[in-house]
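**Q** mind folding the following:
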Amino acid sequence: MGNIFKSLFSTPEEKPEDEKQFEIFKYDGIRAMHIGQVDYAIRCFEEALKIKHEPETATFLMNAYSHSHRTDEALQVAQLAVEIDATNLNARLNRATLLFQSNRYDEALEDCRYILENDASNPLVYLLAGRVNLALADYEAAIGVLTEAIAIREDLPDAYLFRAEAYYESGRLADACADADKLIELAPEEEAGFLLKGRICEKTEDTALALECYDRALNLNPYSRDTAKLTALALLRDNKADEAIAFLNETLELIPDFAYGYSLRAEAKRLAGDADGAEADDAAAKDISEADNDTEEVDFGKMNKGPIF
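**A** A predicted model of the protein is given here:
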């Protein structure tokens, strides 16, 4: 793979016809990206970069790789950009983002620190550093850098989302709830704020408000498996088997391949005394899981012992 990337970023002597070919490949790639033909766009950008290295085209290629979940290849492009110009802060941020996506958290933090040492004004760098620290379970560090992001830009929804997560994991539920409310204020059309607030309410044993939050999240995205799971679990923890069954009946009509939903409905039916129905749902969950590799164990023994997060 390394040799391929060296050839992509080589700089042969340019000729007028080479420049013409470069422009054709580059702009064909851009047009292909705009209409969703990502694989063709990648081929175009690769061919353009074989003619000459241009940072903008390299960035297009990196984004196209990333869009196609070819993270390793996107990271190689980002790495070369930093090697070409180690002081390029945008290149550093691109690499840090891809390192984070690759679970290489310590390296991502190094790039974030470098950027902030040279330019402390970009809230997106603090946001990324916060996400990295959150992934590392360093919640106080995450809270600190996300607070910096909010100080620079108060209307950044993701900063409140991830800071609320850090507060939540730190047990600072009042602070987490305040950030969830701010997130809902800034992005009322997004389910994330309602989902987060529902989880916080479950932690404080306010199941009724949690269910109200989950319902609002489902109104925004009725196909959300996460919200459906949390709703059903909350009902089952409250021993509301009939309500859970009714809810899951509607959910499984919308999401018929939701294996975990069948497992949850099986448990609800067992609680309601419907052994045959529970057995049928267990079988359906197993069939779907085997077909889709959608496996997720449900620990029903812990169901009445508090929130699952």
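
**Q** contacting residues around residue 133?
**A** 109, 139, 141, 142, 145, 166 (CB atoms under 8 Å, 6 or more residues apart in numbering). Every C-beta, even on glycine, is put in place using the N, C-alpha and C of the backbone.

**Q** filter the residues you listed to the buried ones?
**A** Buried residues within the contacts of residue 133, counting neighbours by 16 or more other CB atoms under 10 Å: 109, 139, 141, 142, 145, 166.

**Q** quick revisit: closest to residue 184 out of the contacts of residue 133?
**A** Proximity of the contacts of residue 133 to residue 184 was ranked by CB to CB; the top entry is residue 166 with 17.8 Å.

**Q** identify each buried residue in the strand or helix carrying that closest one, please.
**A** Secondary-structure element containing residue 166, defined by DSSP states H and E: helix 157-169. By neighbour count on 16+ other CB under 10 Å, the buried set for helix 157-169 is 157, 158, 159, 160, 161, 162, 163, 164, 165, 166, 167, 168.

**Q** ditto for stretch 21-36
**A** Quick answer for stretch 21-36 (16+ other CB under 10 Å): 21, 22, 25, 26, 28, 29, 30, 32, 33.

**Q** out of the buried residues of helix 157-169, which comes closest to residue 41?
**A** residue 158 (27.1 Å).

**Q** shouldn't the closest one be in contact with residue 126?
**A** No: between residue 158 and residue 126 there is no contact under CB atoms under 8 Å: 10.7 Å.

**Q** what residue ranges in the protein are flagged as low confidence?
**A** 1-15, 293-309 (pLDDT under 70).

**Q** now the helix holding residue 166: how far from the chain's centre is it?
**A** Averaging C-alpha positions (CA atoms, centre = their mean, to the nearest Å) puts helix 157-169 14 Å from its chain's average.

**Q** what's that helix packed up against?
**A** helix 123-135, helix 139-152, helix 173-186, helix 192-203 (3 or more CB pairs under 8 Å, 6 or more residues apart in numbering; DSSP states H and E).
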